[in-house]
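Participant: generate a structure from the sequence data that follows.
(one chain, ligands or ions: 1)
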Amino acid sequence: MHPLDFVAEELAGLRNQGLCRPLRVLSGPQGARAVIDGRPVINLSSNNYLGLANHPSLVEAAVAATQRLGAGSGAVRTIIGTMELHLELERRLAAFKRAEAVLVFQSGFTTNAGVIPVLVGEGDAIISDELNHASIIDGCRLSRAQVLRFAHRDVADLERVLREAQGFRRRLVITDGVFSMDGDIAPLPGVVPLAQRYGAMTYVDDAHGSGVLGENGRGTVNHFHLEGLVDVQIGTLSKALGALGGYVAGSRDLIDLLIHRGRPFLFSTSHPPGVTAAAIAAVDVLEREPELVDRLWENARYFKAGLKRLGFDTGGSETPITPVIIGEGSLAMRFSDRLFAAGVFAQGVSYPTVPADRSRVRTIVTAEHSRDDLDQALEVFGRVGREMGVCR
Ligand SMILES: *Cc1c(COP(=O)(O)O)cnc(C)c1O
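Facilitator: Down below sits the predicted model:
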């Protein structure tokens with residue numbers, strides 16, 4: 001017996017369940033067409049919604065900042081890792097989100113891990129949509145507050161939980177803006193006034209809404225005209241914004257408190273200049289080229305309509321994330337593999353990420369896909385789907 005024997009055992013367990021999959025490798029840029037594992041494919045699995053990861057403005061900004069300021073930042077923000085560029089990005093994001101202030105973290109994941117434990121702790125309650133993202137779940141655990149789940153997007157069930165939670169010291173209602181596996185949108189016009197009525201704080205993690213929903217991609221809260229009414233908004237710089245990072249937008253006081261209490265902010269090195277400059281350039285592009293967001297939505301509508309016409313079950317998707325729900329897990333994985341062999345990459349997703357009987361391939365179209373890319377992808381979905389008996 002070796003103390004690390006459990007590692008091989010756990011791996012064998014994953015292999016037996018068919019859940020041990022090698023990492024797919026990209027040789028070349030993250031684009032609408034990409035070379036994945038050596039095969040040129042139409043890429044339907046990237047979060048690079050607007051193509052900003054390869055936008056010349058971002059690339060040039062990153063190169064110029066790297067040459068001027070270096071490859072790394074050398075310290076945490078609270079010691080000497082705060083550069084003028086970091087503050088410039090936070091000012092730009094605050095103006096863009098129409099919030100009093102913004103604080104940037106290393107990623108969307110660390111933003112949730114850092115912010116939630118500052119808002120609630122022992123003796124408090126977190127009221128959480130059952131399909132919230134893993135980083136929210138981990139942030140909730142770190143906080144030691146009690147987590148009470150409400151049924152997905154169900155405002156009546158939210159009220160039931162809010163009523164139950166009245167005895168707790170502080171209450172925090174927390175939801176994804178756009179849900180990453182289903183592409184549906186949180187019913188904020190119902191959630192926000194209800195939380196207010198019960199004296200609970202509101203927290204929207206808008207990772208998949210950033211750069212996608214609302215005016216110039218300002219997000220889900222803007223989309224529903226609720227600016228100023230949501231206490232805490234989280235965004236990511238890693239998806240539609242094409243760079244890396246997460247941020248929290250809220251009141252000046254909240255941001256000042258997070259500077260002193262947000263643990264990833266305090267104890268992990270700040271972004272390199274290149275990343276920060278690219279994110280600033282991304283905000284410029286969103287302000288200057290809203291037609292990118294329009295093109296994203298045109299493509300999303302076109303592709304979704306095509307999938308429906310082929311007889312696929314696309315669930316309740318309302319955004320460029322469109323699941324193609326297959327059912328049983330190994331069937332969904334085989335469907336994804338067959339699509340890949342035919343030149344289309346769409347990631348298979350099964351239990352425990354989604355319910356076992358709702359396994360799927362998840363598609364994300366971007367502003368960069370041409371009509372030709374989408375037509376070709378639809379042709380492949382139809383052909384492979386009919387061959388495997390998973391569509392009409
Ligand atoms: C992707 C995602 C994150 C993580 O963002 P990163 O910047 O990639 O760390 C957080 N929350 C939600 C809802 C997400 O979809």
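Participant: for residue 319, which residues are in contact?
Facilitator: By Cβ atoms under 8 Å, 6 or more residues apart in numbering, residue 319 lies in contact with 178, 183, 184, 185, 208, 209, 212, 213, 300. Placement of C-beta: from N, CA and C, glycine included.
Participant: wait, which of these is closest to the ligand?
Facilitator: residue 208 (5.1 Å; Cβ to the nearest ligand atom).
Participant: which non-adjacent residue is nearest the closest one?
Facilitator: In space, and not counting its chain neighbours, residue 208 is closest to residue 178: 3.8 Å by Cβ to Cβ, 6 or more residues apart in numbering.
Participant: now this protein against the ligand: closest residue?
Facilitator: Among the residues of the chain, residue 108 lies nearest to the ligand; the distance is 2.3 Å by Cβ to the nearest ligand atom.
Participant: now the strands for the stretch 151-300 of the chain?
Facilitator: With DSSP state E, counting those that start in this stretch as the definition, the stretch 151-300 of the chain shows strands at residue ranges 171-176, 201-205, 232-236, 246-250.
Participant: leaving out sequence neighbours, find the closest residue to residue 233.
Facilitator: Computed as Cβ to Cβ, 6+ apart, the closest residue to residue 233 that is not its neighbour in sequence is residue 249, at 4.5 Å.
Participant: hmm, I typed the wrong one, I wanted residue 41.
Facilitator: Spatially, and ignoring its direct neighbours in sequence, residue 41 is nearest to residue 345 (4.5 Å; Cβ to Cβ, 6+ apart).
Participant: can you give me the neighbour number for the one you found?
Facilitator: A total of 23 residues lie near residue 345 under the criterion other Cβ atoms under 10 Å.
Participant: is it in contact with residue 45, as I believe?
Facilitator: Yes: proximity of residue 345 to residue 45 meets the contact threshold set by Cβ atoms under 8 Å, at 5.5 Å.
Participant: ok, which residues in the chain are in contact with the ligand?
Facilitator: Taking Cβ under 6 Å from any ligand atom as the test, the list of the chain residues beside the ligand reads 107-109, 133, 135, 176, 180, 205, 207-208, 236, 238, 246.
Participant: show me what contacts residue 51?
Facilitator: The contact partners of residue 51, by Cβ under 8 Å, 6+ apart, come to 31, 32, 242, 292, 366, 367, 368.
Participant: which residues of this protein score low on pLDDT?
Facilitator: Residue ranges of the chain with pLDDT under 70: none are present.
Participant: which parts of it are helices?
Facilitator: Applying DSSP state H to the chain gives helices spanning 5-16, 56-69, 84-97, 108-119, 134-143, 155-164, 188-197, 220-223, 252-261, 263-267, 273-288, 291-309, 329-341, 371-388.
Participant: a markdown table for these, including mean neighbour count?
Facilitator: Below are the helices of the chain laid out as a markdown table (neighbours: other Cβ atoms under 10 Å):
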| stretch | mean neighbour count |
| --- | --- |
| helix 5-16 | 10 |
| helix 56-69 | 16 |
| helix 84-97 | 19 |
| helix 108-119 | 24 |
| helix 134-143 | 19 |
| helix 155-164 | 16 |
| helix 188-197 | 18 |
| helix 220-223 | 24 |
| helix 252-261 | 15 |
| helix 263-267 | 17 |
| helix 273-288 | 23 |
| helix 291-309 | 18 |
| helix 329-341 | 20 |
| helix 371-388 | 17 |
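Participant: how about those in a markdown table, adding distance to residue 318?
Facilitator: Shown next, in a markdown table, are the helices of the chain (distance: least, Cβ to Cβ, whole Å):
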| stretch | distance to residue 318 |
| --- | --- |
| helix 5-16 | 33 |
| helix 56-69 | 28 |
| helix 84-97 | 22 |
| helix 108-119 | 21 |
| helix 134-143 | 20 |
| helix 155-164 | 16 |
| helix 188-197 | 13 |
| helix 220-223 | 10 |
| helix 252-261 | 30 |
| helix 263-267 | 31 |
| helix 273-288 | 21 |
| helix 291-309 | 9 |
| helix 329-341 | 22 |
| helix 371-388 | 18 |
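Participant: now residue 190: closest residue in space, sequence neighbours ignored.
Facilitator: residue 155 (3.7 Å).
Participant: no, scratch that, I was asking about residue 333
Facilitator: Going by Cβ to Cβ, 6+ apart, residue 333 has residue 348 as its nearest residue, at 4.3 Å.
Participant: these two touch, right, that neighbour and residue 340?
Facilitator: No: look at residue 348 against residue 340 with Cβ under 8 Å: they stay out of range, at 9.4 Å.
Participant: flag every buried residue along stretch 225-235.
Facilitator: Going by neighbour count (16 or more other Cβ atoms under 10 Å), the buried part of stretch 225-235 is 226, 227, 230, 231, 232, 233, 234, 235.
Participant: just give me the neighbour total for the nearest residue to the last one once chain neighbours are set aside.
Facilitator: Once flanking residues are discounted, residue 235 sits nearest to residue 210: 4.2 Å by Cβ to Cβ, 6+ apart. Neighbour count of residue 210, defined by other Cβ under 10 Å: 33.
Participant: for residue 210, give me its contacts.
Facilitator: Contact criterion Cβ under 8 Å, 6+ apart gives 217, 219, 235, 236, 237, 239, 240, 241 as the residues in contact with residue 210.
Participant: list the contacts of residue 43.
Facilitator: When the contact criterion is Cβ under 8 Å, 6+ apart, the partners of residue 43 are 30, 31, 32, 33, 34, 36, 345.
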